[in-house]
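Trainee: coords please:
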Amino acid sequence: MITLRYLTSGCMFTALGLYFQRGETTVGLVVEETTKAIWNSLKQKYMPLPSTERWKDISKRFFDLWQLPNCLGAIDGKHIRIQKYPNSGSANFNYKNYHLVILMASCDADGLFTSTECGFAGRNSDGGVFRVSTFGRWLDSNNNLPSSSRLPYDESDNQFPYYFVADSAFPLRKNIMRPFPERNINNKRRIFNYRLSRGRKNIECAFGMMTQKFQVFLTPIRCRKYETIISIVQSACILHNYIRITDGVPYRTSLQEATRIQQSQEILPETHNFNINENTSPQDLRSYLANYFVLSNVALPWQWNYCL
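Mentor: Down below sits the predicted model:
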């Protein structure tokens, strides 16, 4: 009860001690031990490493909900505001002029976290944190990711690799797609950025849902131990998955196949001018996907109103 009250309200240990008639130090020890126990007991059931078949199910769900093919998830970092703990210097002081730690996470199409890693110094960027994170190194090895497959409604025989979506702070790789830069952007690239954002917003929604459930994130986390801060964040992430799975309502799509419309050939190239192979660069893969999104049998009816 003490730990759940702390996570949902974010009140200080002193106030919790007065409410539960416990000492402030005792409350801190209870929160530290209980959050670690929550994470260790639930992580294997509610945040396991997806198998190859599970990755394919996630990809199918992304296409059904957000019309984003071969997508395995969305990646982003969240800034967790903290009160400066002793002897930390300026390691966690960022450009927003407060101290924080970074939570690096990925999620599926329904806002469930598939991986979380917390504890990175707040002065680092999301891209820098991703490069040194366990998830980033695992992604380089491609341990159990699905093999490349043909995109839905694509008439060519090209096999497109599976990928994660991220914002501009992350590197562009064969298994990571990020938006085109705003400079020298054209209509096709605007549509690509819009279609990518439909999948990328899921990680933002997951962070938002977790923050509203556990309002400890609305105020600076006040702990003297770095390990306690990490366990608090990890327990909130796994409890978010637990609540979404047991009581949450999954997203539903309202898109009907009959609403797909034909567009002008002037802005809809019906064929791709290159083939995908092992030597295809990430830039070419992104261009291929941009061409794919404006095909007449793939384009969303409303994308032209918001992107052109």
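Trainee: gap between the spatially closest residue to Thr114 that is not a sequence neighbour and Asn275?
Mentor: Closest residue to Thr114 apart from its sequence neighbours, by CB to CB, 6 or more residues apart in numbering: Ser106 at 5.1 Å. Any C-beta I mention is one placed from the backbone N, CA and C, and that applies to glycine too. Here the criterion is CB to CB, to the nearest Å. By it, Ser106 lies 30 Å from Asn275.
Trainee: The two: who's more crowded?
Mentor: When neighbours are counted by other CB atoms under 10 Å, Ser106 comes out ahead of the other of Ser106 and Asn275, with 22 against 11.
Trainee: all strands for the stretch 151-300 of the chain, in order.
Mentor: 163-165, 176-177 (DSSP state E, counting those that start in this stretch).
Trainee: Please identify the deepest-packed of the ones you listed.
Mentor: strand 163-165 (a mean of 25; mean count of other CB atoms under 10 Å).
Trainee: Check what contacts that one and list those residues.
Mentor: Residues outside strand 163-165 that contact it (CB atoms under 8 Å, 6 or more residues apart in numbering): 68, 70-75, 106, 139, 174-178, 196, 199-200.
Trainee: Please name the strands paired to that strand in the sheet, noting orientation.
Mentor: strand 71-81 (parallel), strand 176-177 (parallel) (DSSP bridges).
Trainee: can I get the ones you listed in TSV with mean pLDDT and distance to Asn94?
Mentor: Formatted as TSV, the strands paired with strand 163-165 follow (pLDDT from 0 to 100; distance: least, CB to CB, whole Å):
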stretch	mean pLDDT	distance to Asn94
strand 71-81	92	7
strand 176-177	93	23
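Trainee: Nearest spatial neighbour of Gln215, chain-adjacent residues omitted?
Mentor: That would be Gly10: by CB to CB, 6+ apart, it lies 4.7 Å from Gln215.
Trainee: sorry, back to before: was I right to think the residue nearest to Thr114 contacts Phe135?
Mentor: Yes: the pair Ser106 and Phe135 passes the contact test of CB atoms under 8 Å, sitting 6.6 Å apart.
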